[in-house]
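**Q** quick one: sequence and predicted model below, then my questions.
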Amino acid sequence: MKKTALLRKYLSEDQIVEAPGAYDGVSARVIEQAGFKAVFVGGFGLSASLLGKPDVGLLTMSEVVNQTRNIANLVNIPVLADAEDGYGSLTNIQRTVREMERAGIAGIFLEDQQHPVRCGALGKYKKIVPRDEMVIKIRAALEAREDPDFIIAARTDSDIVSLQEQIDRCNAYAKAGADLVMPLTAKREEFGALVRGIRAPLWLLLGCHTDVTVNELRQTGARGLVTYAVEALFAAQKAVADVMQEIKEKGTVKETLGRLGAPDYRGFFKFMNLREVIDYEEKYYAEQPQSKS
């Protein structure tokens, strides 16, 4: 089954599908091995890992497609991607959708920010486009879609306006055909209002900025996707910083790696499926006739 169809199947069967955020192959492999059904690749993590820069609209479409293609080829679960504002005009949006599809990605979201698109947590530094303009973008993206199972979601950054504006925009985007809609909030009391007011499956961001759990969302009747977009990146940054601090101060890594329960070479090779590579190559070498000396 194609990963696009598999994701559609999960969304039809499960009340909420969890898709934690990855920023490279290692983090995506960890997510898959943890048993999650999907993985999300966001602009925040890619901007940090590829550029070492904050999420302020610096990534190009090709950079996002190339890295997300690598991740999609690595894991067996569906991969979703952050397509920001579509990277330009309606023709750019068309190209973005088709490049993402051809990269093996199962779905994307587009957002209603003006360029340059900034991290959703940056509040006053964000600017949004008119609602009608975003509706046109959604329709263009849907028309560009070649695989009908490819997910096209719409995110609104109108949290800078009001809760009601988010609800109204999400309903308008769903009416335009978006498969999922994504409002933004970190406030416990707003999640219920969003679930009640939006007449469409949701894509919600949880994590260190909220105190709402997936189980609590299920109790509100929410349906759709839940993403922890940046937590793997934050954890990795702190772990690396701790290791470097121990090297700097003590000339060793044993305490920090022991505390983290980090693997040795053997353990990491196992995690990376080295045996599979070796067995594959040795199978072909074994079939070669032995030369006579």
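**A** Received it, and whenever you're ready, just let me know what you need.
**Q** count of neighbours near the residue nearest to residue 97 when sequence neighbours are not counted?
**A** On the basis of C-beta to C-beta, 6 or more residues apart in numbering, the spatially nearest residue to residue 97 that is not a chain neighbour turns out to be residue 144, at 4.1 Å. (C-beta placed from N, C-alpha, C; glycine too.) Using other C-beta atoms under 10 Å, residue 144 has 20 neighbouring residues.
**Q** hang on, residue 144 packs against residue 93?
**A** Yes: the criterion here is C-beta atoms under 8 Å, and residue 144 meets it with residue 93 at 6.8 Å.
**Q** mind giving me the domain split of this structure?
**A** Each domain of the chain is listed here as a residue range: 3-229, 237-285, per automatic domain parsing.
**Q** in TSV, list those along with mean pLDDT.
**A** Putting the domains of the chain into TSV (pLDDT from 0 to 100) gives the following:
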stretch	mean pLDDT
domain 3-229	96
domain 237-285	93
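**Q** wait, residue 239 touches residue 261, no?
**A** No: contact criterion C-beta under 8 Å: residue 239 and residue 261 do not qualify, at 10.7 Å.
**Q** which residues does the residue sitting nearest the centre point of the chain contact?
**A** Computing the C-alpha centroid of the chain and ranking residues by C-alpha atoms, centre = their mean puts residue 40 first, at 2.0 Å. Going by C-beta atoms under 8 Å, 6 or more residues apart in numbering, residue 40 touches 19-22, 79-82, 227, 229.
**Q** where does it land in three-state SS?
**A** Taking DSSP: H, G, I helix; E, B strand; the rest coil as the rule, one finds residue 40 in the strand state.
**Q** max-length helix in the protein?
**A** Longest helix in the chain by number of residues (criterion: DSSP state H): helix 231-250.
**Q** buried residues of the following helix or strand past that helix, list them for me.
**A** Secondary structure here is assigned by DSSP states H and E; on that basis, the next helix or strand after helix 231-250 toward the C-terminus is helix 254-260. Residues of helix 254-260 classed as buried: 256-257 (neighbour count, 16 or more other C-beta atoms under 10 Å).
**Q** skipping adjacent residues, who's closest to residue 54 in space?
**A** Beyond its immediate neighbours in the sequence, the residue positioned closest to residue 54 (C-beta to C-beta, 6+ apart) is residue 47, lying 6.6 Å away.
**Q** how far away is the residue nearest to residue 97 from residue 154?
**A** Separation of residue 144 from residue 154 (C-beta to C-beta, to the nearest Å) stands at 14 Å.
**Q** contact partners for residue 244?
**A** Residue 244 touches nothing, counting by C-beta under 8 Å, 6+ apart.
**Q** still on that earlier bit, residue 239 and residue 261 - which one has more neighbours?
**A** Relative neighbour count places residue 239 above the other of residue 239 and residue 261, with 15 against 7, counting by other C-beta under 10 Å.
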